[in-house]
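J.: Need a 3D model of the following:
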Amino acid sequence: MSSMNDEIRLPSDLGAAIKAARQSAGLSIKELAEQSGRVRDVIYRLESGKDTSLTSLFAVLAVLKLTLRLEPAGLPTLSQVQARFGLDDEDE
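T.: Numbers count the residues shown, from 1 in each chain. You can find the predicted model right below:
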C-alpha cells in the first residue's frame, strides 16, 4: 500500500493501511492496543486482514485519528489492476 489515499478493496489492504498509520504515528502494537482498550491480538488480526469486530476496528481507527468513507466501488482502472498483480505492459 503506497498511500493512505489508496482504495481499500480487501481486508489485507485495510490491514496494511492500519499498520502504516500505526508506524507513522510511532506506536508499537502494544501501545496501540492499550490506547484503544484492546488486546494485542486484535491489532495483529487487524493488521493481517483477519476478522475482528467492527467495534475494535473503530476503536483502533479513533486512536490513529482515521475515519472510513464509503464510495461506490466501480471497476478498477488498468493501472490499479497492474499494480495489484505486479504486471507491466509486456505481461499483457
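J.: check contacts around the most centrally placed residue in the chain.
T.: Centrality entry for the chain: nearest residue to the mean C-alpha point is L14, 2.2 Å, by Cα atoms, centre = their mean. L14 is in contact with 8, 46, 49, counting by Cβ atoms under 8 Å, 6 or more residues apart in numbering. C-beta coordinates here come from the backbone N, C-alpha and C atoms, glycine included.
J.: Now do it against L87, distance only.
T.: Computed with Cβ to Cβ, to the nearest Å, the distance linking L14 and L87 is 23 Å.
J.: Residues contacting the helix or strand of the chain with the lowest mean pLDDT, please?
T.: Lowest on mean pLDDT, DSSP states H and E among the helices and strands of the chain sits helix 78-85, with a mean of 83. For helix 78-85, the external contacting residues (Cβ under 8 Å, 6+ apart) are 7, 76, 87-88.
J.: for that helix, the distance to its chain's centre please.
T.: Relative to its chain's centre, helix 78-85 lies at 18 Å (Cα atoms, centre = their mean, to the nearest Å).
J.: Right, I'll leave it there.
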